[in-house]
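Peer 1: give me the fold of what follows.
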Amino acid sequence: MTDSKYFTTTKKGEIFELKAELNSDKKEKKKEAVKKVIASMTVGKDVSALFPDVVNCMQTDNLELKKLVYLYLMNYAKSQPDMAIMAVNTFVKDCEDPNPLIRALAVRTMGCIRVDKITEYLCEPLRKCLKDEDPYVRKTAAVCVAKLHDINAQLVEDQGFLDTLKDLISDSNPMVVANAVAALSEIAESHPSSNLLDLNPQSINKLLTALNECTEWGQIFILDCLASYTPKDDREAQSICERVTPRLSHANSAVVLSAVKVLMKFMEMLSKDLDYYGTLLKKLAPPLVTLLSAEPELQYVALRNINLIVQKRPEILKHEMKVFFVKYNDPIYVKLEKLDIMIRLASQANIAQVLAELKEYATEVDVDFVRKAVRAIGRCAIKVEQSAERCVSTLLDLIQTKVNYVVQEAIVVIKDIFRKYPNKYESVIATLCENLDSLDEPEARAAMIWIVGEYAERIDNADELLESFLEGFHDESTQVQLQLLTAIVKLFLKKPTETQELVQQVLSLATQDSDNPDLRDRGYIYWRLLSTDPVAAKEVVLAEKPLISEETDLIEPTLLDELICYIGTLASVYHKPPSAFVEGGRGVVHKSLPPRTASSESTESPETAPAGAPPGEQLDVVPTQGDLLGDLLNLDLGPPVSGPPLATSAVQMGAVDLLGGGLDSLVRPRRLDIGAPNFVAPPAAAVPANLGAPMGSGLSDLFDLTSGVGTLSGSYVAPKAVWLPAMKAKGLEISGTFTRQAGSISMDLQLTNKALQVMTDFAIQFNRNSFGLAPAAPLQVHAPLSPTQTVEISLPLSTAGSVMKTEPLNNLQVAVKNNIDVFYFSTLYPLHILFVEDGKMDRQMFLATWKDIPNENEAQFQIRDCPLNAEAVSSRLQGSSIFTVARRNVEGQDMLYQSLRLTNGIWVLAELRIQPGNPSFTLSLKCRAPEVSQHVYQAYETILKN
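Peer 2: The predicted structure is shown next:
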């Protein structure tokens, strides 16, 4: 009978029966009882009450029973630490058992029992096992040291176990060497500053000798360790590469990728003139190709790694294009990855083959794949100039199919082709305009609008086409609205007499009827340019555009070098460094490729200046993602402004006053000399209230960028809610909300009399609360409140009241008295009414404070369903006194670093990650009072979603 019988028992009073069986004299009965206990434990029953009885069963020679007892012990030792000490004697005894399997079992279990109380008792047995005559025991003991180090690092160092581990690297048994390397690597990872793996040519030689005889996992540990070594010169690098190369033919794909990682790293040190360099390139291709014959999941991992390798050294796979052609039964994730690599390998030699494949893919049934294939054709046109004409004709053929999503993708890529090859393929514009009505995706609509605006002089009815888009302006996405605004301004500058009304209409829609700050700002800038200096407007809007680069999605070089060091790990699949996705970043070390030696080409090295640069200058390399906080100081936000900025900025802007004499010229109608009738400048009503003061100080003041306090949007105010229903207050209904304006907090109340008698003599009082909120003046109801009458009152509040921590933190208990009775209610106030206006922290202070606050005080939250972009988010939050200290863009993600200060002086620091197109943001908050974080997150949600 199988072991399933142990899981099918339905007895009552089972624990009592098991206790009796565990104490039985019969060995077989005892073993059966322990199996039943383990079965109960496996399905989640609590059998911790049997701890002493099970531990008694340890005194046995039966290996199977001993394993079962140890399994139980590992599970319950943490919840019963006092009981676990009972087992120590048996461990000590088992570590001296003549059977090496039992010795190893004892030491393995010791490592798995994570109880501080008993770790010191285990040092002696562990020391003996590390020097055991049997290699199986030694290799198990090596791993146990790493586990013990995780529980109590100081103890391991004091007992000298780390030195013993280092000695095991010279062990005669390859598996012991591999486990010692694995244990030391694990410890070194959690303590990056300690130089545990002190590798030198002698120890490297021992590792390479062990490499040939280990199991596959042992080989991976050793190869990963070799990858962290930097050879002293190119000869040593070549010698190591020669001894690692045989691993490329291993059956295990993880061993192959680890070997590729070592070779890719050490190739940096080899000169390209060496014959061996060429040989190595040829040897690297076959194993990578072989990985693509595995199952789809492994293929995907291999393809993600190959993607990195191709970006670093495309010559390795330049003759292997055919293996990346898509098979009909490939899953979509494999297809998309192959497509990406095909484009990276596309060259003049193979472009005809690639285009034929891509055209075939564009007729597939999988919509996502077809879209990517059409985009790929456009990318080929941009990458290989000689193929551009063929690509454009292929795209036109696809447009003729009239398949909606194919047409839309084709228009998007043709726009990029126009940017890359101006005045070459514009003859196709007529064909594109025929498909105008079928466009329903924002990106395609925006691309088509760009084409119409850019080539308005070649399109007779350009104004009609743009006007057709303008009809549903407010229903369009932001991307389309911005593109439409720019296109109509371009059209106006090219054909001013015919499009006067159209441009007035779009500027009015963008500035007066829109609540999107990006759109409004751009509208004001265009309006101001057109009304003050049409010539400047022409130079700005119709300026010559830079040609687009061929590979826009390449990984930034320093990040690519780091990812090459992580080939075969999750980082190479995500294409992100571990610090970006490992929670807490426990000892994450940034790796980089070794510098090239003198014999190799200096121009290849990211560390050396380019040939034309002066010797002292270094190339500007974009920092890696892990250095984000460290580089806050280098951001291009300009230094923090102190003192009144208005007096000096007009001079600093240079000779040209962009506002052309301040706002007066904007508000007064003024003639535009473009051969057009009067062009009416924006009306005064269109200008935000805080722009009314005379300025002459440059565009920075137009959008209040210099000031940390005044904002366009103002602090968010929640709609009034009913706090005290009439039925609970003898006819008095109280609704209200909280506001903060110009540094003053108010409670805006609405009192309604639903009783049959007049109400008078109102007074209000607050209970003690977390932030000391208290009325700053009496509750003033100037006339008696008659039945059915409603009165609105704004009650000023101060934060000087008595403080007492409440649960929840933002709870406010209120008592309201009138001539009838005293009534009580409680409400939750939004925390952002406590955000003070001078909460913008200096950048250096931000960096120091962030590092100073312990990591355990960091809380992470998700803000979902928020379609705003980074600028809109920053602008909206600043309106509620959450200030952006710095902003970065990393791998397409916008990172906002923000600060705010509460009325009681508590600072909260935030990192907001925004992925364009993804409505979910990640918010990390750091604060010395972590209980505030949840409420700050709620404030973020409230402000951004309303």
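Peer 1: now the strands for this protein?
Peer 2: 721-724, 732-741, 744-753, 763-766, 774-775, 790-798, 811-817, 822-828, 858-863, 883-890, 893-901, 907-914, 921-927 (DSSP state E).
Peer 1: next, format the ones you listed as a markdown table and append mean pLDDT and mean neighbour count.
Peer 2: Backbone N, C-alpha and C define where each C-beta goes, glycine included. Formatted as a markdown table, the strands of the chain follow (pLDDT from 0 to 100; neighbours: other Cβ atoms under 10 Å):
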| stretch | mean pLDDT | mean neighbour count |
| --- | --- | --- |
| strand 721-724 | 92 | 16 |
| strand 732-741 | 92 | 20 |
| strand 744-753 | 92 | 19 |
| strand 763-766 | 92 | 15 |
| strand 774-775 | 93 | 16 |
| strand 790-798 | 92 | 15 |
| strand 811-817 | 92 | 17 |
| strand 822-828 | 92 | 15 |
| strand 858-863 | 89 | 16 |
| strand 883-890 | 89 | 20 |
| strand 893-901 | 91 | 22 |
| strand 907-914 | 91 | 22 |
| strand 921-927 | 91 | 20 |
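Peer 1: pull the contacting residues for Leu155.
Peer 2: Leu155 is in contact with 119-120, 123, 148, counting by Cβ atoms under 8 Å, 6 or more residues apart in numbering.
Peer 1: Produce a PyMOL select command limited to the buried residues of those.
Peer 2: Entered in PyMOL, the line below selects the buried ones among the contacts of Leu155, by 16 or more other Cβ atoms under 10 Å:
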select buried, resi 119+123+148
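Peer 1: what's the closest of the contacts of Leu155 to Ile525?
Peer 2: Nearest to Ile525 among the contacts of Leu155 is Leu148, at 64.3 Å by Cβ to Cβ.
Peer 1: was I right about that closest one contacting Leu126?
Peer 2: Yes: taking contacts as Cβ atoms under 8 Å, Leu148 lies within contact range of Leu126: 7.0 Å.
Peer 1: joint contacts of the two?
Peer 2: By Cβ under 8 Å, 6+ apart, the residues touching both Leu148 and Leu126 are Phe161.
Peer 1: would you map the helices across the stretch 351-500 of the chain?
Peer 2: 351-361, 367-383, 388-400, 404-420, 429-434, 442-454, 462-470, 478-494, 500-511 (DSSP state H, counting those that start in this stretch).
Peer 1: redo those as CSV? Include distance to Leu270, mean neighbour count and mean pLDDT.
Peer 2: Output for the helices of the stretch 351-500 of the chain, formatted as CSV (distance: least, Cβ to Cβ, whole Å; neighbours: other Cβ atoms under 10 Å; pLDDT from 0 to 100):
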stretch, distance to Leu270, mean neighbour count, mean pLDDT
helix 351-361, 30, 18, 88
helix 367-383, 28, 22, 88
helix 388-400, 36, 19, 87
helix 404-420, 35, 21, 87
helix 429-434, 50, 15, 82
helix 442-454, 44, 23, 89
helix 462-470, 57, 18, 84
helix 478-494, 47, 23, 91
helix 500-511, 58, 20, 89
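Peer 1: nearest to Pro100, out of those?
Peer 2: Comparing the helices of the stretch 351-500 of the chain by Cβ to Cβ, helix 367-383 comes nearest, at 55.8 Å.
Peer 1: and that closest one with helix 404-420, angle?
Peer 2: For helix 367-383 against helix 404-420, the angle by axes from the mean of the first three to the mean of the last three Cα atoms, to 10 degrees is 20 degrees.
Peer 1: how about residues contacting helix 367-383?
Peer 2: Outside helix 367-383, the residues that touch it by Cβ under 8 Å, 6+ apart are 326, 332, 335-336, 339, 342-343, 346, 351, 354-355, 358-359, 361-364, 387-388, 391-392, 394-395, 398, 405-406, 409-410, 412-414, 416-417, 420, 548, 550-551.
Peer 1: Throw the strands of the chain into CSV and include distance to Gln59, thanks.
Peer 2: Compiled in CSV, those are given as follows (distance: least, Cβ to Cβ, whole Å):
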stretch, distance to Gln59
strand 721-724, 69
strand 732-741, 69
strand 744-753, 71
strand 763-766, 68
strand 774-775, 70
strand 790-798, 72
strand 811-817, 59
strand 822-828, 61
strand 858-863, 48
strand 883-890, 59
strand 893-901, 59
strand 907-914, 56
strand 921-927, 52
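Peer 1: out of the ones you listed, nearest to Pro287?
Peer 2: Among these, strand 883-890 sits nearest to Pro287 (Cβ to Cβ), with 32.6 Å.
Peer 1: so what are the sheet partners of that closest one and their directions?
Peer 2: strand 893-901 (antiparallel) (DSSP bridges).
Peer 1: and the strand it pairs with with strand 921-927, angle?
Peer 2: Computed with the same axes, to 10 degrees, the direction of strand 893-901 lies at 30 degrees from that of strand 921-927.
Peer 1: so Met321 touches Asn350, yeah?
Peer 2: Yes: between Met321 and Asn350 there is a contact at 5.0 Å, judged by Cβ under 8 Å.
Peer 1: where does pLDDT dip in the stretch 651-800 of the chain?
Peer 2: 651-714 (pLDDT under 70).
Peer 1: which parts of it are helices?
Peer 2: Under DSSP H, counting those that start in this stretch, the stretch 651-800 of the chain gives helices at 663-667, 699-702.
Peer 1: for the closest residue to Thr60 other than its chain neighbours, give me the pLDDT.
Peer 2: In this structure, Thr60 finds its nearest non-sequential neighbour in Lys66, 6.0 Å apart by Cβ to Cβ, 6 or more residues apart in numbering. pLDDT for Lys66: 79.
Peer 1: check contacts around Lys66.
Peer 2: With Cβ under 8 Å, 6+ apart, Lys66 has these contacts: 58, 60, 94, 102, 105.
Peer 1: farthest pair in these?
Peer 2: Thr60 and Leu105 (12.3 Å).
Peer 1: doesn't Leu828 make contact with Leu809?
Peer 2: No: applying Cβ under 8 Å as the test, Leu809 and Leu828 come out as separate, 9.3 Å apart.
Peer 1: that older thread, would CSV of the helices of the stretch 351-500 of the chain with distance to Val137 be doable?
Peer 2: Output for the helices of the stretch 351-500 of the chain, formatted as CSV (distance: least, Cβ to Cβ, whole Å):
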stretch, distance to Val137
helix 351-361, 57
helix 367-383, 54
helix 388-400, 65
helix 404-420, 63
helix 429-434, 75
helix 442-454, 63
helix 462-470, 77
helix 478-494, 65
helix 500-511, 76
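Peer 1: quick one: closest of the ones you listed to Phe861.
Peer 2: Go through the helices of the stretch 351-500 of the chain one by one with Cβ to Cβ and the one that ends up closest to Phe861 is helix 478-494, at 24.8 Å.
Peer 1: about what we covered before: could the contacts of Leu155 be laid out in CSV, adding distance to Ala929 and pLDDT?
Peer 2: Listed next are the contacts of Leu155 as CSV, based on distance: Cβ to Cβ, whole Å; pLDDT from 0 to 100:
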residue, distance to Ala929, pLDDT
Thr119, 35, 76
Glu120, 37, 76
Cys123, 41, 83
Leu148, 36, 85
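Peer 1: and the furthest pair within the contacts of Leu155?
Peer 2: Pairwise over those, using Cβ to Cβ, the maximum falls at Glu120 and Leu148, 10.3 Å.
Peer 1: got any ranges where the stretch 151-300 of the chain has weak pLDDT?
Peer 2: Residues of the stretch 151-300 of the chain meeting the criterion pLDDT under 70: 192-195.
Peer 1: contacting residues for Thr140?
Peer 2: 104, 107-108, 129, 179.
Peer 1: please redo it, this time with the cut-off set to 7 Å
Peer 2: Contact partners of Thr140, counting by Cβ atoms under 7 Å, 6 or more residues apart in numbering, are 104, 107-108.
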